[in-house]
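Visitor: Give the three-dimensional model of this entry:
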Amino acid sequence: ALLRREMVIALILLSPGVGLSFQNYASTVFPHSISDLLAGKNILHPVALGGVPALVNLQCLQHFVDTCVFNSMRSIPVHRPVRIIHGDEDKVVPLRNVRSFVKKLESEDVV
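Guide: Numbers count the residues shown, from 1 in each chain. Have a look, this model is predicted:
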């Protein structure tokens, strides 16, 4: 959306994973696999269970954290309508992270 703004009409975000650190994400999603990740091993992401296998490793998870617009930008220059669907009992991304993310969005049309 930031790289091709002219092609974006609106954004719909489903449980956006924003404001996470490697430690809080890994300890919540991979509590029994942190040592494997730190040892450089690939592990199966739990969302892949019963679906298409998705392997992750320390490098890709750290890249996710490092490139998250929430973590790297004070203000997020999105000027299109944004709709966010996020549960208030999400165990991975706290609702407070999403509320903070909304405050960083420059769009005046966020629900």
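
Visitor: Please list all residues in contact with the residue most central in space within the chain.
Guide: By CA atoms, centre = their mean, the chain has its centre lying nearest to Gly17, at 2.2 Å. By CB atoms under 8 Å, 6 or more residues apart in numbering, the contact set of Gly17 is 25, 64, 68, 92-93. For glycine as for every other residue, the C-beta is placed from the backbone atoms N, C-alpha and C.

Visitor: what about it, distance to Leu61?
Guide: Relative to Leu61, Gly17 is positioned 11 Å away (CB to CB, to the nearest Å).

Visitor: least trustworthy helix or strand in the chain by mean pLDDT?
Guide: Lowest on mean pLDDT, DSSP states H and E among the helices and strands of the chain sits helix 22-29, with a mean of 85.

Visitor: Any idea how far that one is from the middle of the chain?
Guide: Between the centre of helix 22-29 and the centre of its host chain there is 12 Å, according to CA atoms, centre = their mean, to the nearest Å.

Visitor: tell me what it is packed against?
Guide: Packing partners of helix 22-29 (3 or more CB pairs under 8 Å, 6 or more residues apart in numbering; DSSP states H and E): helix 34-38, helix 58-67.

Visitor: buried residues in the shortest one?
Guide: I take that to be helix 34-38. By 16 or more other CB atoms under 10 Å, the buried positions in helix 34-38 come out as 34, 37.

Visitor: Where does pLDDT dip in the chain?
Guide: Along the chain, the model assigns pLDDT under 70 to residues 48-49, 51.

Visitor: Domains of it: list them as residue ranges, please.
Guide: For the chain, automatic domain parsing gives the domain ranges 1-19+68-111, 21-59.

Visitor: With Ala10 as the reference, measure out to Val56.
Guide: 29 Å.

Visitor: Looking only at neighbour counts, state which of the two leads.
Guide: Just comparing Val56 and Ala10: by other CB atoms under 10 Å the higher neighbour count belongs to Val56, 20 against 12.

Visitor: and the more buried one, what are its bridge partners?
Guide: Under DSSP bridges, the beta-bridge partners of Val56 are Ile43.

Visitor: How about the contacts made by it?
Guide: Contacts of Val56 by CB under 8 Å, 6+ apart are 37, 42-45.
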